[in-house]
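Trainee: Give me coordinates for this.
(one chain, ligands or ions: 1)
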Amino acid sequence: MYILIGAGGHSKVVLDILLSSHQKIFGFLDDNRMGNFASYPVLGRIDEIDKIIQEFVNPKFIVTIGDNHARKRIVKGLESLNINFGQAIHPSAIIGSNVSLGSGTVVMANTVINHSAEIGNHVIINTGSTIDHDCVVGNYSHVSPGANLAGNVALSELVHFGIAACAIQGIKVGRNSIVGAGSVVIRNLPAKTVSVGNPARPIKTLN
Ligand SMILES: CC(=O)SCCNC(=O)CCNC(=O)[C@H](O)C(C)(C)COP(=O)(O)OP(=O)(O)OC[C@H]1O[C@@H](n2cnc3c(N)ncnc32)[C@H](O)[C@@H]1OP(=O)(O)O
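Mentor: Below you'll find the predicted structure:
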């Protein structure tokens, strides 16, 4: 009984995850689309959510927008409405004991999340990535496809950890940072930076 907020590429993948775990989908909310999307109805705009909630019994929502900052903005905008945020976890994901997964979080196909990892709210653990024991992934972060975090890595809030990047054990990545595709992180990375390369080094500061 899900309604997905945002109708774009990322939403289609989340839709498939929910279908593969036999969840019922009511449709999407989106500000720029009408009619149908991925064979499901666009039920209205995001700011119509309070009206739309009344039409369904106990709907769960996931903000299916890939951009970390946009996802956070939408969630914050809905805070006063007491929305019930669900999760989407692909049946092929391997999730160890004592792992916590926050609300609104998506775990895609062929991922592995090992013992005692803490995954925050509205996080994306993308296809084929691995998160090892005792890692922390902060709210609104995104671990991209094929990325690997060794044990005890901590990604702060709003980190985009790029496709096929990796981090050795114990690394800390500061809030609102981007780690470029294929980067190899062997030293801690500061907040609000873009870092790339092997070894990964900051190349830009973000606002
Ligand atoms: C299902 C999905 O689609 S999930 C999405 C997954 N996508 C990703 O993970 C994307 C990750 N993004 C990247 O890697 C980007 O290249 C970024 C964010 C690191 C940098 O992007 P921009 O800020 O636009 O930087 P820009 O392209 O101008 O590059 C700046 C310099 O860094 C270099 N650079 C950029 N990315 C990388 C990288 N991943 N590794 C090594 N060098 C890089 C560029 O070659 C350039 O070097 P130069 O100045 O010597 O020419």
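Trainee: residues contacting residue 50?
Mentor: By C-beta atoms under 8 Å, 6 or more residues apart in numbering, residue 50 lies in contact with residue 81. In short, each C-beta sits where N, CA and C put it, glycine included.
Trainee: Which element, helix or strand, includes it?
Mentor: In the assignment (DSSP states H and E), residue 50 maps to helix 49-55.
Trainee: what comes up buried for that helix?
Mentor: Residues 49, 52, 53 are the ones in helix 49-55 that count as buried (16 or more other C-beta atoms under 10 Å).
Trainee: Tell me how many other residues surround the nearest residue to residue 60 once chain neighbours are set aside.
Mentor: In space, and not counting its chain neighbours, residue 60 is closest to residue 86: 3.2 Å by C-beta to C-beta, 6 or more residues apart in numbering. The tally of other residues near residue 86 (other C-beta atoms under 10 Å) stands at 20.
Trainee: So residue 86 sits against residue 2, correct?
Mentor: Yes. At 6.0 Å, residue 86 counts as touching residue 2 under the criterion of C-beta atoms under 8 Å.
Trainee: Pull up the overlap in contacts between those two.
Mentor: 60, 61, 62.
Trainee: Quick one: classify the second one as helix, strand or coil.
Mentor: Local secondary structure at residue 61 is given as strand here, using DSSP: H, G, I helix; E, B strand; the rest coil.
Trainee: quick one: pLDDT of it?
Mentor: Per-residue confidence (pLDDT) for residue 61: 97.
Trainee: tell me the contacts of it?
Mentor: 2, 3, 4, 5, 49, 78, 83, 84, 85, 86, 104.
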